[in-house]
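[1] Have a look at this prediction, sequence included:
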Amino acid sequence: MAKKIAKEVSVAVAEAVAQCNVDVISAYPITPQTHIVEHLAELVNNGELDAEYIPVESEHAAMSACIGAAATGARTFTSTSSQGLLLMYENLYIAPALRLPIVMALVNRSVSAPISIWNDHSDVMSMRDAGWIHTFAENGQEAVDLIYHAYKVAEKTLLPVAVNIDGFILSHVVEPIEFLDQTLVDKYLPPLKMKYKLDPKKPITIGAIGVPEIYTEAKKAQDEALKASYKTIVQAWKDFEKLTGRKYLPVETYQMEDAEVGLVIMGSLAENAMNAVDILRTKGKKVGLVRIRLWRPFPLKDFIKAIGKVKALCVVDRAVSHAATGGPVGIEVRSALYQSNKRPRVLNLIAGLSGRDVTKEDFVEIFEKTFETLAKKPSTPYEIYGVKE
Amino acid sequence: MRPELKNFKPFTMKNLPQYEGFAQGHRACQGCGTVLPLRLALKVLGPNTIAVTSTGCMEIISSPFPYTSWEVPWIHVAFENSATVASGIEAAIKALKRKGKIKSKEKINIVVFAGDGATFDIGLQWLSGALERGHDFVYICLDNEAYMNTGVQRSGATPFGAHTTTSPAGKVIKGQTTWKKNLMGIVVAHNIPYAATANPAFPLDLMNKVKKAALINGPAFIHVFATCPTGWGCKSEDSLLAAKLAVETRVFPLYEVIDGKYIINRKIDKPKPVEEYLKLQRRFRHLTPEQITYIQQRVNEEYEKLIKLAECFGEEKTETKQNQEE
Amino acid sequence: MPKEQGLVSWKQLAPGMYILEPGNSKKFKTGDWRAFKPVLDKDKCIKCGMCYILCPDICYQPDQEGFFISNLFYCKGCGICAAHCPKKAITMVLEEE
């Protein structure tokens, strides 16, 4: 039985990456990801990790180097946040289209302006359409487990995977972590074997022009690959459960079986929301929580099943989609619901921007607001919660 | 003398490399003086090469799906980042060789082909980073002095006075108003082992420089003067004549900088007047006598600077035998 | 079905739209671009190989006797070979068609 060690989550993530026998690390520092790349540099320079560490000169360069390395058949890793993610934006579309199994720890941070180093999901929401697989960690153990999982999935599907970790509130906290035994990591993650890669023995051309006569077909192929990755993602979690006993699903539910009102959220704030569920349950309120762990490919069927028979749903977004018909998750949820027969009231609140705390008391209030929508429909498609008027 | 270059055996017209790393059927314009140095470089580098190309003419003419002219493994990612993509490839090969995942001990050449737009302008940071980190690769800048692929817009490499669509010869402002960016100066400031200028009108010199660059353990940079009859407005058959005149008028001197030492490969003691070079190209036809005088003066100044650099930071001999043309 | 369709089925594409056959542009004829074609006077030719080296379209290959002959399937008629032949053995001649 593996031991639980107290580790700062960033450092634990770096340790997990090292355990995965990564070949090339491409790193550019940005708060709050720095501890990950710093710890990896330490492991490399101490001879504890045999990998090439490229201290690139910008985040765009970080993803560029990963693309070059992955195309050559190397297991790669990078990490970034916020402005860094936005800076590498064009590469975020290129990597999945070129079918490269890159793994990125995305330490979620607010985007400028105003400049903010604190946590929310505005960075990751900017790359919804790029074609990456996205998972969201709730706690430190999950962050580590999702790294192992990311490599397994990326290399089987040949699609890049982003593991989303809330900046500061998750990355910088010390939590009890149970690392996978190295022999089990090696069993879970066989060496990367790519059929097509840059190799003088078998020359290929990567990145040809997508003339109008083929671009549509290329995008269709990419789209189908991302949709099909769902099976691999779920199976990889099942395989992981066999090794560790820890079960992961695309959508987690908490007390949803008989819930009348539900709350949808992603990431580590779910823990506060769960506390609010407990508080309200003691008062006899039938509430529950839906936490989306797999963001892309969006687990439509799992989500529709997870919401059960709720009459009202509150979607708590952690990013704004200015003047749209909801926050990014709100839009996704309403679209998902429309594909089904379920029509709960949907209250879309945007909370916790730039690290503003959303306490369990706040969540209790949010649940109560959701109950109110049963009598009166929300007056706007979305609302920024807790703003000082 | 660097150990890699100690027993350097240059190519001659009698022992040219036979290999062709670039296939016929590419879509370059007639007389393209940019694809020629690319072809020659691949001849020298051989099949044990991975090539990276930036968005631009060379990428477009070589990879219109479903056709590819690349006989070697090739990747195109974006406009500015070829140097970094090459860095990633280099690091991957290093790691994979060390871990025994690549069995062969043979050196795999990594080469970047990037235009002047991709190198002087949008990709300068990426080039600088790769050079500073000391990756073992060859960066070949194919400089045709404008963003040719998108329709001849000016770049930092566009020479003074040249007409481009974004520095047009208008009634008030007549063409490019600033002098060409000194990219070799920037590259040499990174203290890399090998930097050189090359010209397709001097094919042996060019091929020998690529050969040296590939032998170097570390970053090597070659600034190639690449002609573009389409963008410059000269006849396709004059493509390499323009290239030759660029050297003979001192506009584009041929030199190497090996470990910081300047070696001028071809001293031009009796230069032809720049006008002979300029009048061949429609992009210069609007030049006023004042502009031409200024160009002649600056060209001479830059050349004198180079001579002084070779005197201060150079070898005794300034013309090396292996670079003499027929 | 829409009128405009793709070259191949999306199922037949290599992942990432990689092109797996190196140098297959050899199948593409660029010879119909030209207006002039190079004609060699073998009496003047000294087999120096300058045309072979300087052709941007890689048209020249030596024949059994060592004379360099342009491959008209690809030759775009740029005239560089004729301009740089040291013995002026190549002449650019207007294409008949």
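    All right, it came through fine. Residues are numbered from 1 along each chain as shown, chains lettered A, B, ... in the order given.
[2] show me where chain C has helices.
    Using DSSP state H, the helices of chain C run over C:50-54, C:80-84.
[3] wait, I meant the stretch 201-326 of chain B
    Listed in chain order, the helices of the stretch 201-326 of chain B (DSSP state H, counting those that start in this stretch) span B:203-215, B:229-232, B:239-248, B:274-278, B:289-312.
[4] Return the residues of chain C in contact with chain A.
    Proximity of chain C to chain A is confined to C:4, C:6-11, C:13-20, C:22 under the rule C-beta under 8 Å from any C-beta of the partner chain. (C-beta placed from N, C-alpha, C; glycine too.)
[5] Show me these that map onto strands.
    Assignment to strands by DSSP state E places none of the residues of chain C next to chain A there.
[6] Quick check: the farthest pair among these?
    For the residues of chain C next to chain A, the farthest-apart pair by C-beta to C-beta is C:4 and C:22; their separation is 29.4 Å.
[7] more neighbours, those two?
    Shown here are residue C:4 and residue C:22; by other C-beta atoms under 10 Å in any protein chain shown, residue C:22 has more neighbours (21 against 8).
[8] Let's see the pLDDT reported for the closest residue to the more buried one other than its chain neighbours.
    Nearest residue to residue C:22 in three dimensions, chain neighbours excluded: residue A:203, at 4.1 Å (C-beta to C-beta, 6 or more residues apart in numbering or on different chains). We have a pLDDT of 98 for residue A:203.
[9] ok, now residue B:324?
    In this model, residue B:324 is scored at 53, pLDDT.
[10] what does residue A:1 give?
    Listed pLDDT for residue A:1 reads 55.
[11] How about residue B:318?
    Looking at residue B:318, its pLDDT stands at 45.
[12] returning to that earlier point: count the residues that sit near the residue nearest to residue C:22.
    Residues near residue A:203, counting by other C-beta under 10 Å, number 23.
[13] How about the secondary structure of residue A:145?
    What DSSP: H, G, I helix; E, B strand; the rest coil gives for residue A:145 is helix.
[14] Distance of it relative to residue A:139?
    Going from residue A:145 to residue A:139 by C-beta to C-beta, to the nearest Å gives 10 Å.
[15] The two: which has the busier surroundings?
    Taking neighbours as other C-beta under 10 Å, residue A:145 and residue A:139 compare with residue A:145 leading, 24 against 19.
[16] thought that one was touching residue A:244?
    Yes: contact criterion C-beta atoms under 8 Å: residue A:145 and residue A:244 qualify, at 7.5 Å.
[17] and the nearest residue to residue B:173 once chain neighbours are set aside, what does it touch?
    Using C-beta to C-beta, 6+ apart and skipping the chain neighbours, the partner closest in space to residue B:173 is residue B:167 (8.0 Å). Contacts of residue B:167 were listed using C-beta atoms under 8 Å, 6 or more residues apart in numbering or on different chains, and they are B:154, B:158, B:173, B:175, B:176, B:177.
[18] would you list the helices of the stretch 201-326 of chain B in CSV and tack on distance to chain A?
    CSV is the format used below for the helices of the stretch 201-326 of chain B (distance: least, C-beta to the nearest C-beta, whole Å):
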stretch, distance to chain A
helix B:203-215, 13
helix B:229-232, 19
helix B:239-248, 25
helix B:274-278, 34
helix B:289-312, 27
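[19] got the ones you listed as TSV, with mean pLDDT, distance to residue B:125 and mean neighbour count columns?
    Formatted as TSV, the helices of the stretch 201-326 of chain B follow (pLDDT from 0 to 100; distance: least, C-beta to C-beta, whole Å; neighbours: other C-beta atoms under 10 Å in any protein chain shown):
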stretch	mean pLDDT	distance to residue B:125	mean neighbour count
helix B:203-215	98	22	24
helix B:229-232	97	25	23
helix B:239-248	98	28	22
helix B:274-278	98	32	20
helix B:289-312	97	25	15
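[20] Could you export the ones you listed to a markdown table, including columns for distance to residue B:94?
    A markdown table is the format used below for the helices of the stretch 201-326 of chain B (distance: least, C-beta to C-beta, whole Å):
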| stretch | distance to residue B:94 |
| --- | --- |
| helix B:203-215 | 17 |
| helix B:229-232 | 39 |
| helix B:239-248 | 36 |
| helix B:274-278 | 44 |
| helix B:289-312 | 34 |
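[21] Out of those helices, flag the one nearest residue A:334.
    Closest approach to residue A:334 among the helices of the stretch 201-326 of chain B (C-beta to C-beta): helix B:229-232, 51.7 Å.
[22] returning to that earlier point: would you mind measuring from the residue nearest to residue B:173 to residue B:160?
    Separation of residue B:167 from residue B:160 (C-beta to C-beta): 10 Å.
[23] Then residue B:288?
    Distance of residue B:288 to residue B:160, computed by C-beta to C-beta: 12 Å.
[24] between the two, who's got more neighbours?
    For residue B:288 versus residue B:160, neighbours defined as other C-beta under 10 Å are more numerous around residue B:160 (18 against 11).
[25] Look up the closest residue to the more buried one, ignoring the ones flanking it.
    Leaving aside its sequence neighbours, residue B:160 sits nearest to residue B:179 (C-beta to C-beta, 6+ apart; 5.0 Å).
[26] ok, now which ones touch residue B:275?
    Residue B:275 touches B:292, B:296, counting by C-beta under 8 Å, 6+ apart.
[27] can you give me the end-to-end distance of stretch B:194-202?
    19 Å (C-alpha to C-alpha, to the nearest Å).
[28] give me phi/psi at residue A:303?
    Dihedral pair for residue A:303: phi -70, psi -50, per degrees, to the nearest 10.
[29] now do residue A:141
    The phi and psi values for residue A:141, taken as degrees, to the nearest 10, are phi -60, psi -40.
[30] wait, doesn't it sit right on residue A:246?
    Yes: if you go by C-beta under 8 Å, residue A:141 and residue A:246 touch, sitting 7.4 Å apart.
[31] In terms of neighbours, single out the busier of these two.
    The neighbour comparison of residue A:141 against residue A:246 (other C-beta under 10 Å) goes to residue A:141, with 19 against 13.
[32] Could you look up the SS state of the residue nearest to that one when sequence neighbours are not counted?
    Spatially, and ignoring its direct neighbours in sequence, residue A:141 is nearest to residue A:177 (5.8 Å; C-beta to C-beta, 6+ apart). Classification of residue A:177 using three-state DSSP returns strand.
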